[in-house]
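>>> Give the three-dimensional model of this entry:
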Amino acid sequence: MSDGYVLEMTNINKTFPGVKALDGAYLRVKEGEVVALCGENGAGKSTLMKILSGVYQADKGSGEIRYRGEQVHFSSPVEAKNAGIVLIFQELSLVQELSVAENIYLGSLPKKGFRVDWKKLNDDTKKVLEALECPAKPEDMVASLPIAQQQMVEIARGIALGARILVLDEPTSSLTEREKEALFRSIRNMKAQGVGIIYISHKMDEIFEISDRVMVMRDGRPTGDFATKEITLDDILFSMIGRSMDQYFYRYEGEPGAEVLRVEGLSLKGYFKNISFRVRAGEVVGFYGLVGAGRTEIMETIFGIRKADSGKVFLNGTEQHIRSSGDAVRAGIGFLTENRKEQGLVLGEGCRKNTYLAALPELTKRGFVQEKETHRIYDYYRDKLGIKSPSSEQEVGNLSGGNQQKVVVGKWMAIKPKLLILDEPTRGIDVNAKAEIYKLIASLAEEGIAIILISSEMPEIMGVSNRVITMAQGMLTGELSADEVTEERLMRNIMITDSTKSA
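As a prediction, the model looks like this:
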């Protein structure tokens, strides 16, 4: 192995009809090393990994792959897996009707004679699950597990197969903070055993926490190869999108207007207690806290999805009695939920229809939808938000994550909201699309819309918000202006307990 690299991919090219997906791409991984692979959607990361695993074949005469000192060529994922190269993709590939144990060892079930050795299967599975601190049991049916645990089962597959090269594609997308930390402990254990790990993520804080090296790709080409401890976020961003940090986040700095939302003493047993805050026109108020702190539940209550035990909500000075999401929409509140695919969009419908869905009651006269008006609304927000789609009737499920998110924003803008709640608006989209969303949020604030931003990404909450409200254990623990907010203060506030006080 040259220079200690267990895996070397050099000068890899891949062409699809009309598209040069990879152009001289390379990747090197040492034993016991975590290499973060970064780049916006379409940069070529997944294509390179699919060539490594045998899903795709590189262009004829293109480069080579050397694994454990020998040149290799995998014609299928099974060949790669048998050699010790395992890919865990973001999209789950579990068999819902089988047990956790059967999924983890599918294709390599232990046998006793001609029969499955169920005791060994369950014992082996238990050890792998314990290593990941996953509460699922070997005999649990996968279909019965929450998404976060299914994600852990998917990752457990790679560990159980004894991978020597493990590729993790956005592995924490569905995990809580506790589950993420358990995964990181497992990654460190695998490193100690000499496993080389390729870690694909849009979350920069994770990359700095877990990786030893960062490889950056743009337009199918490598644009950076850095030792993690020697670089900054600005270095990575510039290699990814050709712009620096001060051109990445956008914040509207204008003077906020009149109060739009006031919440007084809002409580819901088991979720949050005595919540009071306000948001003014043209202001972005960030809510920051650990998963389970109660942020989303508060917003769902304001939006009428949940019913508070006590407390009051005022909009433009008038007390509201919102009993449903329909009431909230009629009052002028929009709510972009964190799961756009299940709760924000109808994936099988076109962009135009998704854009006018929330405004449908106003667009319906005598039982008929005003088609001309729906075209006007879509065309307006397509241009305003920069939605990139081949046509207004293109199924929204076929768009990129960033464009899907813009369609959701357009849907809520179509109701002309006074208040817009954004719950994890950049989850699962690449850095270039994130920058566009940040610019969009600033422009909406400039138009006088009051905005609440929920985000689990510290740089995002600091870079976009005019004020940040922190939460822990269902309680508000602090409030910081943009000038006051620091990483240390945020962390201190969200880790608060009953015996401590906020900064």
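>>> pretty sure A258 contacts R280?
Yes - counting by CB atoms under 8 Å, R280 is a contact partner of A258 at 6.5 Å. Where you see a C-beta, it was placed from the backbone N, CA and C, and this is true even at glycine.
>>> Those two: who's more crowded?
A direct count of neighbours by other CB atoms under 10 Å for A258 and R280 places R280 higher, at 18 against 11.
>>> which residue packs closest to that one, ignoring adjacent ones?
P256 (3.8 Å; CB to CB, 6 or more residues apart in numbering).
>>> same thing with L22?
K14 (4.1 Å).
>>> Give the full set of residues in contact with that neighbour.
Going by CB atoms under 8 Å, 6 or more residues apart in numbering, K14 touches 20-22, 44, 47-48, 51, 56, 58-59, 62, 220.
>>> do that again at 6 Å, thanks
Listed by CB atoms under 6 Å, 6 or more residues apart in numbering, the contact set of K14 reads 21-22, 47, 58-59.
>>> Which helix or which strand is home to it?
strand 5-16 (DSSP states H and E).
>>> Flag every buried residue along that strand.
Using 16 or more other CB atoms under 10 Å as the test for burial, strand 5-16 gives 5-9, 12-14.
>>> just to revisit the earlier point, can you redo the contacts of K14 as TSV with distance to G350?
Converted to TSV, the contacts of K14 look like this (distance: CB to CB, whole Å):
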residue	distance to G350
A21	27
L22	32
T47	28
A58	36
D59	35
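>>> In strands only, show me the residues you listed.
Counting by DSSP state E, these place 21-22 in strands.
>>> got a winner among the contacts of K14 for most neighbours?
With neighbours taken as other CB under 10 Å, the top of those is L22, carrying 30 neighbours.
>>> quick one: contacts for it?
L22 touches 12-14, 44, 47, 220, counting by CB under 6 Å, 6+ apart.
>>> and of those, the nearest to A36?
Using CB to CB, the shortest approach to A36 within those belongs to G44, at 15.0 Å.
>>> What values do phi and psi take at A36?
The phi and psi values for A36, taken as degrees, to the nearest 10, are phi -80, psi 130.
>>> Report how many residues lie close to it.
Burial of A36 is recorded as 23 neighbouring residues (other CB under 10 Å).
>>> Give the closest residue to it in space, chain neighbours not counted.
Excluding the flanking residues, the one nearest A36 by CB to CB, 6+ apart is S211, at 3.8 Å.
>>> from what I can see that neighbour touches V34, true?
Yes - with contact defined as CB atoms under 6 Å, S211 counts as touching V34 (4.7 Å).
>>> Now the common contact residues for these two.
Overlap of the contact sets of S211 and V34 (by CB under 6 Å, 6+ apart) consists of Y199.
>>> tell me which residues in the helix or strand hosting P361 are buried?
P361 belongs to helix 360-363 when assigned by DSSP H and E. Buried positions in helix 360-363, judged by neighbour count with 16+ other CB under 10 Å: L363.
>>> what comes into contact with it?
Applying CB under 6 Å, 6+ apart, the set of residues contacting helix 360-363 is 356, 369-370, 373.
>>> which one of those residues is nearest Q405?
Of the contacts of helix 360-363, the one sitting nearest to Q405 (CB to CB) turns out to be Y356, at 17.1 Å.
>>> Spatially nearest residue to L175 (excluding sequence neighbours)?
Closest residue to L175 apart from its sequence neighbours, by CB to CB, 6+ apart: A148 at 5.3 Å.
>>> do you know how far that neighbour is from P135?
Distance of A148 to P135, given as CB to CB, to the nearest Å: 10 Å.
>>> got it, and V86?
Going from V86 to P135 by CB to CB gives 23 Å.
>>> Please identify which of the two sits among more neighbours.
V86 (22 against 13).
>>> Which parts of the stretch 151-300 of the chain are helices?
According to DSSP state H, counting those that start in this stretch, the stretch 151-300 of the chain carries its helices in the segments 177-192, 204-210, 233-241, 295-302.
>>> Please identify the most buried of those.
For the helices of the stretch 151-300 of the chain, the largest average neighbour count (mean count of other CB atoms under 10 Å) is found in helix 295-302, namely a mean of 23.
>>> Point out where this structure drops to low pLDDT.
Residues of the chain that meet the criterion pLDDT under 70 lie in 1-3, 41, 90-92, 243-247, 428, 496-503.
>>> before we move on, the earlier item: could you verify my assumption that the residue nearest to R280 touches G282?
Yes - P256 sits in contact with G282 when judged by CB under 6 Å, with a separation of 5.0 Å.
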